[in-house]
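[1] Next come a sequence and a model predicted from it.
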Amino acid sequence: MPEGDTVHRAARRLDAALSGKVLTRCDVRVPQHATVDLSGETVEVTEAFGKHLVTRTASTSIHSHLKMEGVWHVYARGDRWRRPAFEARIVLEAGEVQAVGFALGQLDLVPRAEEGSLIDYLGPDPLRDNFDRDEALARLTADPERPIGLALLDQRVIAGLGNDYRNETLFLRGVLPETPVGATDAAAALDLAVRLIRANRDRNERTTTGDTRRDKRLWVAHRDRKPCRRCGTPIRRGLLGEHALSERITWFCPSCQT
């Protein structure tokens, strides 16, 4: 699933392409919003809130979540799409510019006054200017018995952190994902996660090692059975979740993380 850095870059692309322009075409290809037509309205802004994207006109907030497969593309009108047309969920055209949301995991078009119902539950977002570190830490430490690997991934705690940042942060802190929050230096883990995601805000290829070569970018994520970059022990893969349906993959070094 795309993480906050990816979504913030998508927001910047959409904002640059559409903001201040009048929509000349609005084609929504999901049944519940298929009759909505925002043609003639001016796009005001596109913003990211964690992993959520919001594009606003005067009347409507267009909310999307990429989930696992979603992506927004920007084209010159008439250019060939790089994804199949059946995956398009929404097409926004403004003159010679066309923005297409493909395979979006969630798409909502709501009156501006109802926008908060979709994003107000989110925790502080490290990539927004109004990031509240104290509030994020308070949410992270609210349940000291909760595994830190779950708390870091909870969008109600910190918006935008995903599985890569969760696993990389815990490796660098030497902490197993199952460790209770109260048994860790939660403040240090939070600060490190914030630094990592901010360092990748403007990179197309995420790295936590500082090495941008394809096979050198990450410490443990997606590296099960490969040798730890620090000690050589094979990286292990596990599952962690509140219940079976919410389990996500963990990667860790059994020697470096104790």
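    Thanks, I have the structure now.

[2] Show me where the protein has its helices.
    4-18, 116-119, 133-140, 148-151, 163-173, 186-199 (DSSP state H).

[3] could you say what helices and strands the longest one packs with?
    Using 3 or more C-beta pairs under 8 Å, 6 or more residues apart in numbering; DSSP states H and E as the contact criterion, the secondary-structure elements in contact with helix 4-18 are strand 45-49, strand 52-56, strand 71-76, strand 88-94, strand 97-102. To be clear about C-beta, it is placed using only N, CA and C from the backbone, and glycine gets the same treatment.

[4] winner for burial among those strands?
    Counting by mean count of other C-beta atoms under 10 Å, strand 52-56 has the highest mean neighbour count of these, with a mean of 23.

[5] Name the surrounding residues that touch it.
    The contact list for strand 52-56 (C-beta atoms under 8 Å, 6 or more residues apart in numbering) reads 7, 10-11, 14, 18, 43-48, 61-66, 72, 92, 112, 115, 118-119, 122, 159.

[6] Tell me what angle it forms with strand 71-76.
    40 degrees (axes from the mean of the first three to the mean of the last three C-alpha atoms, to 10 degrees).

[7] what is the mean pLDDT for strand 52-56?
    Per-residue pLDDT values over strand 52-56 give a mean of 98.

[8] Make JSON lines out of the helices of the chain and add mean neighbour count.
    What follows is those, written out as JSON lines (neighbours: other C-beta atoms under 10 Å):
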{"stretch": "helix 4-18", "mean neighbour count": "21"}
{"stretch": "helix 116-119", "mean neighbour count": "15"}
{"stretch": "helix 133-140", "mean neighbour count": "16"}
{"stretch": "helix 148-151", "mean neighbour count": "24"}
{"stretch": "helix 163-173", "mean neighbour count": "24"}
{"stretch": "helix 186-199", "mean neighbour count": "19"}
